[in-house]
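S.K.: Okay, predicted coordinates and the sequence, questions at the end:
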Amino acid sequence: MNARLVMAAGLAAALAVPYLVRSDFWLGFLITVLLFAVMGMAWNILGGYAGQFSFGHAAFFGTGAYAAAVLHIGFGLNPWLGLAVAALAGGLVALVIGYLSFRYGLRGSYFALITLAFAEVLRILANWAEFTGGGVGLYVPLKVGIANLQFSGKTGYYYVALGFAVLSLAVGWALEHSRLGAQLMAIRENEDAAQALGVDTFACKLKAIALSGALTGIGGGFYTHYYLYIDPGIAYGPGVSVEILLVPIIGGLGTVFGPLLGSAVLHGAGELARRLMGDAPGLNLIFYGVLLIVMVRFMPEGLMGLVWRLRRRWRRVADA
Amino acid sequence: MLDPIILLPAAINGLTMGAVYALVALGLTLIYGVLHIINFAHGSLLMVGLYGAFFLHRAGLDPYLALVVMVPALFFTGYALQWSVIGKASHGSDQNILLVTLGASIVIENLALYFFSADTRTIDTPYSFEMIDLGVALVPLPRVIAFAAALVLAAVLWFLIARTDLGRAIRAVAKERQGARLVGIDVDHIFAMSFGIGTACLGAAACLLLPMFYVSPHVGHVFVLVAFTVVVLGGMGSFSGALIGGLLIGVTESLGGLLLGESLGQMGIFLIFIATLMFRPSGLFGSRLS
C-alpha cells in the first residue's frame, strides 16, 4: 500500500514538473534523463534480468532512429506511427542479431564483442547507403504540430518521454512478475542448470533481446523527432551503446527502478561536472568512466542495492 | 580492376598494415587469450603509447630509440592498472572486467581529449617517406620495419611464455587459478605481470606505428575491434595465430577497400569477426598455449 502511494505521488509530481520547472534547460535535462531511463530499462531486460551484456545497443537505437527518420522524410509517414515502426525495426534487428549470436551459443564476453561488431557493421552501412543520407545525415523538416510530434516548447516532448518512461517501468514490472522474467533470471544465474530444468533458453533469450531492441528502437525514434537530426556516428557509434549500458549498471541491474535512478544520477553527475569544471570536451565522459569503475568496485548492486540497504536499516530502527 | 598489377601491391600494402595489427594484437592475445581478461582499454593504452612516443619525439628522441623508454613505461602502466584497478574491481567476474576496462578506456581517452584536444598529430622523420623497392611494389620503410618487428615480437613473446619460469607461471595461472595459488604462485602478481607485458607490447607497437601513422585521442578505436578480431581469428593465446591473423586482416582490409571502396572495405573486418565467432570460435588454428 505504502509503495503504491509513493508511486502515485511520484507520478503526480512528474506530471506537475512542467508547471513548476520553467527553465527550458532543466526540462531538456529531464527529457534526456527519461529517454535514457527508457533505453536503460531496455538494456536491463537483456543485461540485468537475462545476464547477457550487450555492448552494441546502438544497433537497435540507430535502427529505430533511421526507421523513424527515413519513413517520415521519404514517405511522409506520421511520426507517431513512425515510433511504432521504430519499435518494430529495433525489435527485428535485435531478433536477427540475437538469433545469430544465441544460435551459435555465444555468451559473456563473446556476446558483448559480437554485438559491438554488429553495431559497427550497421554504422559503416549507414555511412555508405544513399537513403540514410550517408555521412551527412538526415534532417527532419520543421513543422510544428501535435500530429507531427513536434512541439513549440519542451513541455510536449517532456510528456511524451514521460509516457515512454512509465511504459518502460510497466514493462519492467510485468516482466519481473512473469514466467518469462523468472526464466530469464534462471538463465542469468546458471544457464546450463536452467536448460537442464527444461527452460528453453534459446527462445527466452530471443524474447528478451527482441523486447529490449523494440524498447531501444522507440528511444531512437524519439531521439530523431526530438533533435530533428540523425547521422551514422550518433545512431550507431559506440558512445550511445556505452551510455545506455551505464544507466542500469549505476542504478542497479535487474531492478525495476534501477534504470530511472541510474539515468538521473548519471546525467546529474555529468551536469554537475560540467558546472564545476567548465564545459571542456570529454569532461563528463571522464566522470562517467570513473563512476562506472567505482560502481563496479564498491557497489556492484547499483544504487538500488544502496536504497534497499538503507531501507532495511531504517525499518530496523523503526521496529526497535 | 582484378589486374595483378593493382592487386599485388594492394596485397603487399595490406600485409604491412597487417603487421601493425599483429603488433597490437600480440599484447592482447596474451591478456585476452591466455588470461581471459577482456581488455577494452587495449586501444586506449596504445593511444597512450603513441602520445608518449610523440612527445618524446618532440623532445628530440627518435621513435625507434623511444622504444627503450616506452616499453618499460607501458609495462609499469599496465602492471599498475591491473594491480590497483582492474584486479580489485572485477571481483573475479568476467563481466565486471569487461565493464571496468571499458570504464578505464573511457577515462583514458577523454583525459587525452581534455589535455591534448582532438587534434590529429603526426611526426616528421627523415625516413617517413623513404620507399623500399620490393620488385612488385614500393613500400614505405617504416612499414617494412614494423613487419620485421612484428615477427621478432611474436618470437620473443613465444619464448617468454613457452620457455621461461614466468611463462610457466602464467600458463599455470591461466589453466588452474586455485591450483597455481596452492603451489605458491602469487596469482595477483602473475595477472599484473601478464597485463604489464601485454601493455608493454603496445609500447613497442606505438613506437613502430608512429612514423607512419597519426595520433589523436580516439586513435584506439581504429584498433580495438581489429585487435579482438585478430586474436579470435588466430586462436586465443596463440602468438603465431595472432601474427597470421593480423596479416590476413590487413590483406582483407586492403583488398576489400580496393574492390568495395574505402567505406565498405572496413566492413570486411567486422564480418570476418562475426563469422569467426559464430562458426569457428576457437580460431583458424585453434592452437592454444595454455
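M.R.: Okay, I see it. Numbering: from 1, shown residues only, chains lettered A, B, ... in the order given.

S.K.: What parts of the stretch 51-200 of chain A come near chain B?
M.R.: Residues of the stretch 51-200 of chain A that fall close to chain B, judged by C-beta under 8 Å from any C-beta of the partner chain: A:51, A:53, A:55, A:100-101, A:103-104, A:106, A:108-110, A:112-114, A:116-118, A:120-121, A:124-125, A:127-128. No exception for glycine: its C-beta is placed from N, CA and C like everyone else's.

S.K.: by contact count, what packs against the longest helix along chain A?
M.R.: Identified as the longest helix of chain A according to DSSP state H is helix A:201-227. Secondary-structure packing of helix A:201-227 (3 or more C-beta pairs under 8 Å, 6 or more residues apart in numbering or on different chains; DSSP states H and E): helix A:24-43, helix A:58-75, helix A:79-103, helix A:154-176, helix A:179-189, helix A:191-196.

S.K.: quick one: the residue nearest to residue A:292 when sequence neighbours are not counted and residue A:249, what's the gap?
M.R.: Leaving out its chain neighbours, the residue that sits closest to residue A:292 by C-beta to C-beta, 6 or more residues apart in numbering or on different chains is residue B:103, at 3.6 Å. Counting by C-beta to C-beta, to the nearest Å, the gap from residue B:103 to residue A:249 is 10 Å.

S.K.: which neighbours do those two share?
M.R.: Counting by C-beta atoms under 8 Å, 6 or more residues apart in numbering or on different chains, the residues touching both residue B:103 and residue A:249 are A:292, A:296.

S.K.: my read: the residue nearest to residue A:292 touches residue A:293, true?
M.R.: Yes - under the criterion of C-beta atoms under 8 Å, residue B:103 makes contact with residue A:293 at 4.1 Å.

S.K.: Give me the more crowded residue out of these two.
M.R.: residue B:103 (28 against 23; other C-beta atoms under 10 Å in any protein chain shown).

S.K.: Poorly predicted segments of the chain, please.
M.R.: I went with chain A, as the question did not name one. Within chain A, the segments meeting pLDDT under 70 span A:1.

S.K.: switch to chain B, that's the one I care about
M.R.: B:1-2, B:286-290.

S.K.: Isn't residue B:149 up against residue B:22?
M.R.: No - with contact defined as C-beta under 8 Å, residue B:149 does not reach residue B:22; the gap is 9.7 Å.

S.K.: Which of these two has more residues huddled nearby?
M.R.: When residue B:149 and residue B:22 are compared for neighbours, residue B:22 comes out ahead with 32 against 21, by other C-beta under 10 Å.

S.K.: end to end, how far does stretch A:134-142 reach?
M.R.: 21 Å (C-alpha to C-alpha, to the nearest Å).

S.K.: and it, which residues are buried?
M.R.: Neighbour-count burial for stretch A:134-142 flags A:137, A:138, A:140 (criterion: 16 or more other C-beta atoms under 10 Å in any protein chain shown).

S.K.: Same list (these) but as a markdown table, adding secondary structure.
M.R.: Below are these laid out as a markdown table (DSSP: H, G, I helix; E, B strand; the rest coil):
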| residue | secondary structure |
| --- | --- |
| A:137 | coil |
| A:138 | strand |
| A:140 | coil |
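
S.K.: just the helices in chain B please.
M.R.: B:4-28, B:42-58, B:63-80, B:87-90, B:94-116, B:141-163, B:165-175, B:177-182, B:187-209, B:219-234, B:239-260, B:262-265, B:267-279.

S.K.: does chain A sit close to the last one?
M.R.: Yes - Helix B:267-279 is in contact with chain A by C-beta under 8 Å from any C-beta, via B:267, B:270, B:271, B:273, B:274, B:277, B:278, B:279.

S.K.: Would you tell me which one of the helices and strands packed on helix A:201-227 is buried the most?
M.R.: helix A:58-75 (a mean of 26; mean count of other C-beta atoms under 10 Å in any protein chain shown).

S.K.: ok, back up a step: neighbouring strands of the helix or strand just after the longest helix of chain A in the sheet, and parallel or not?
M.R.: Following helix A:201-227 in sequence order, the next helix or strand is strand A:229-230 (DSSP states H and E). Its sheet considered, strand A:229-230 pairs with strand A:138-139 (antiparallel) by DSSP bridges.

S.K.: Kindly report the residues of the stretch 101-250 of chain B close to chain A.
M.R.: B:102-107, B:109-111, B:113-114, B:117-118, B:217, B:221, B:225, B:228-229, B:232.

S.K.: Go again with 10 Å.
M.R.: B:101-115, B:117-118, B:217, B:221, B:224-225, B:228-229, B:232 (C-beta under 10 Å from any C-beta of the partner chain).

S.K.: correct me, but residue A:114 touches residue A:103?
M.R.: No - with contact defined as C-beta atoms under 10 Å, residue A:114 does not count as touching residue A:103 (11.6 Å).

S.K.: rewinding a little: just send the helices of chain B back as TSV, with distance to residue A:155 too.
M.R.: Output for the helices of chain B, formatted as TSV (distance: least, C-beta to C-beta, whole Å):
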stretch	distance to residue A:155
helix B:4-28	50
helix B:42-58	41
helix B:63-80	50
helix B:87-90	42
helix B:94-116	33
helix B:141-163	58
helix B:165-175	58
helix B:177-182	56
helix B:187-209	50
helix B:219-234	38
helix B:239-260	47
helix B:262-265	41
helix B:267-279	42
